[in-house]
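>>> Sharing a model prediction with you, sequence too.
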Amino acid sequence: KKRESSLAGYNTLLQFDAAVNPGNSGGPLCNLSGQVIGLVSSKIAEIEYEGIGFAIPSDELLEIVKNLMEHGYVTGRVRLGITVSQYENYIVTANNLPGSVYVVEVAPGTDAATQGVQGGDIITAIDGQAITSTSQMVSIIRSHKAGDKIKLSIYRKKGGLTNTLTITVTLYEDKGQ
């Protein structure tokens with residue numbers, strides 16, 4: 001119960017040990033009594049792992065459906081306006097990088113884009129707290145609300161030159177646009 005995943009967005013997940021095949025996403029996860037306890041959402045698909053699936057718990061799912069029906073989007077979900085990923089430890093060490101969480105993409109029209117966050121930037125801290133993983137970063141963002149300002153400490157390397165920046169970005173509510 002309550003497994004977090006970078007795939008989860010804003011949900012904690014149920015982990016289960018039944019096979020998840022293409023086309024199973026969106027199907028019900030049922031207990032032995034036939035009660036729906038979750039909605040199948042993803043699986044780990046790596047050679048060393050097999051039969052590990054994840055589902056959105058039904059209590060969270062009901063709240064999501066209610067929000068969608070009332071507002072057309074899920075309320076309360078804040079966004080920074082960037083997509084991040086994480087370098088493997090050996091890449092960080094081999095390249096002497098100050099962190100592992102890097103910006104893959106910046107959403108156009110967001111404050112992150114306006115303030116100059118760029119693809120390839122490495123996020124080293126948020127509000128002075130060192131960032132060590134994408135899940136930690138998501139957790140920090142989740143603890144804020146729309147309109148809050150956060151300070152990103154960024155390491156940027158362009159054309160052989162390195163730069164350390166502090167950029168203040170305003171979070172916004174994701175209205176499903």
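Sure thing, it's come through. Numbering: from 1, shown residues only.
>>> where are the low-confidence patches of this structure?
Residues of the chain meeting the criterion pLDDT under 70: 1-11, 42-51, 176-177.
>>> Show residues contacting the longest helix anywhere in it.
Criterion DSSP state H: the longest helix present in the chain is helix 58-71. Helix 58-71 has contacts (CB atoms under 8 Å, 6 or more residues apart in numbering) with 11-12, 36-39, 56, 73-75. In this view, the C-beta of every residue, glycine as well, is placed from N, C-alpha and C.
>>> Top of those residues by number of neighbours, please.
Gly38 (23 neighbours; other CB atoms under 10 Å).
>>> Kindly state the beta-bridge partners for that one.
Following DSSP bridges, Gly38 is listed with bridge partners Leu29, Pro57.
>>> Contact partners for it?
Contacts of Gly38 by CB under 8 Å, 6+ apart are 14, 28-29, 55-58, 61.
>>> Would you mind checking those residues for buried ones?
The neighbour count (16 or more other CB atoms under 10 Å) marks 14, 29, 55-58, 61 as buried among those.
>>> one step back: let's have the contacts of helix 58-71 in a markdown table, adding distance to Met137.
Putting the contacts of helix 58-71 into a markdown table (distance: CB to CB, whole Å) gives the following:
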| residue | distance to Met137 |
| --- | --- |
| Asn11 | 16 |
| Thr12 | 16 |
| Val36 | 32 |
| Ile37 | 29 |
| Gly38 | 25 |
| Leu39 | 25 |
| Ile56 | 21 |
| Tyr73 | 22 |
| Val74 | 20 |
| Thr75 | 22 |
